[in-house]
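# Pasted the sequence and its predicted model underneath.
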Amino acid sequence: MPSTPSPLLTTPGPAAGPADIRLIVTDMDGTLLDDAKRIPAGLWPTLAELRRRGVLFSPASGRQYATLAEQFGDEGRGMVFIAENGTYVVRDGVELSSDPLEPAVAGRVVHAVRRLAAGGVDVGAVVCGKRSAYVERTDEAFLAEVRKYYVRHRIVEDAAAVEDDVIKVALFDFGPAERTTAPALEEFAATHQVVVSGEHWVDVMNRTANKGTALRGLQRELGITPAQTMVFGDYLNDLEMLDAADWSFAMANAHPRVVRRARHLAPSNNDDGVLRTIARILHLPTADH
């Protein structure tokens, strides 16, 4: 694939009729949301039309379930939310699946983050439980970043000793996480996943947990095939779910590894790439391109 491919040239054109898509799964940050973290206005009429056609729309994000539910509000009724990078899958407040960390592992990650911070790295841990997220840092700069993704969070004295089902530990690094924090967590990579989920975020999860595992479980439960599944992603935590769909799209702004893994390219997140692609492939009346 060329280094600067044209999204419209590498996105498949409409067939004689709309594709038989039953499930659409999209990442949020860098994919559905623009760089200002806004949901595109055209999403709401698109969701109404997808519901009319019996197509399930599922957000798949590193974000907390409570955050996703708040973002979609009443429009989230009936949706399956693949939250916390696939470690927690919920529909209408009912857990469909989860993959919790051993408490001792979560504690070890917290201690590793404390060591990084003591060594001068501007980093903080977010211990992600089913009920809430938990943080030790209290400075506003860090908490402002936490609030973007974890609307339900608590400041605690010891994040290594929370009483909750911990499904992952997320680390926010004010520097480049892929070059600084992720390599420092190499001790966990042999037994767990250390995933760079954004420019400043790294997640530590069970080896069995990712968006792709969650998506395949959902496909089995609903009787939906990869050929009937459309997926959109932009970053490294989206790689496995791209493999679970024949209609896999990397955004034009995606990480190079994501572009290589996906079958197709969509326009960028700032160009309403998800909605434009859905409209084009499914021949939606809301299409304006």
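Noted; the coordinates are in hand. Residues are numbered from 1 along each chain as shown.
# Which parts of stretch 253-268 count as buried, going by neighbours?
The neighbour-count check on stretch 253-268 (16 or more other CB atoms under 10 Å) flags Asn253, Ala254, His255, Val258, Val259, Arg261, Ala262, His264, Leu265, Ala266, Pro267, Ser268 as buried. (Each C-beta comes from the backbone N, C-alpha and C, glycine too.)
# Out of those residues, name the ones that lie in helices.
Val258, Val259, Arg261 (DSSP state H).
# Mind giving me the packing neighbours of the host helix or strand of Val89?
Secondary structure from DSSP states H and E places Val89 in strand 88-91. Secondary-structure packing of strand 88-91 (3 or more CB pairs under 8 Å, 6 or more residues apart in numbering; DSSP states H and E): helix 65-72, strand 80-83, strand 94-98, helix 211-222.
# Pull up the pairing partners for that strand, direction included.
Strand pairing for strand 88-91, using DSSP bridges, gives strand 80-83 (antiparallel), strand 94-98 (antiparallel).
# Deepest-packed of those strands, please.
Ranked by mean neighbour count under mean count of other CB atoms under 10 Å, those are led by strand 80-83, which reaches a mean of 27.
# hmm, who's touching that one?
For strand 80-83, contacts defined as CB atoms under 8 Å, 6 or more residues apart in numbering pick out 25, 56, 58-61, 63-65, 68-69, 89-91, 96, 211, 214-215, 218.
# CA atoms only for it - export them in PDB, please.
Provided in PDB are the C-alpha atoms of strand 80-83 (Å, rounded to 0.1, in the frame of the first residue of the first chain):
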ATOM      1  CA  VAL A  80     -23.600  -3.300  22.900                       C
ATOM      2  CA  PHE A  81     -20.700  -1.300  24.400                       C
ATOM      3  CA  ILE A  82     -17.300  -2.900  24.000                       C
ATOM      4  CA  ALA A  83     -15.600  -0.900  26.800                       C
END
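# now that strand, how far from the centre of its chain.
Mean-position distance between strand 80-83 and its chain equals 9 Å (CA atoms, centre = their mean, to the nearest Å).
# Please apply the same query to stretch 151-166.
21 Å.
# Extract the C-alpha trace of it and format it as CSV.
Provided in CSV are the C-alpha atoms of stretch 151-166 (Å, rounded to 0.1, in the frame of the first residue of the first chain):
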residue,chain,number,x,y,z
VAL,A,151,-16.5,10.0,34.1
ARG,A,152,-16.9,7.7,37.1
HIS,A,153,-13.6,7.9,39.0
ARG,A,154,-12.4,8.2,42.6
ILE,A,155,-9.2,9.5,44.1
VAL,A,156,-7.8,7.0,46.6
GLU,A,157,-4.8,6.7,48.8
ASP,A,158,-3.7,3.4,47.5
ALA,A,159,-4.8,2.4,44.0
ALA,A,160,-3.2,-1.0,44.4
ALA,A,161,-5.7,-2.0,47.1
VAL,A,162,-9.1,-1.1,45.6
GLU,A,163,-12.1,-3.3,46.3
ASP,A,164,-13.5,-3.8,42.8
ASP,A,165,-13.2,-6.2,39.9
VAL,A,166,-10.2,-4.6,38.1
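# Quick check: buried residues in that stretch?
By 16+ other CB under 10 Å, the buried positions in stretch 151-166 come out as Val151, His153, Ala159, Ala160, Val162, Asp164, Asp165, Val166.
# Include distance to Gly198 when you put these into CSV, please.
Output for the buried residues of stretch 151-166, formatted as CSV (distance: CB to CB, whole Å):
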residue, distance to Gly198
Val151, 17
His153, 17
Ala159, 20
Ala160, 24
Val162, 23
Asp164, 23
Asp165, 24
Val166, 20
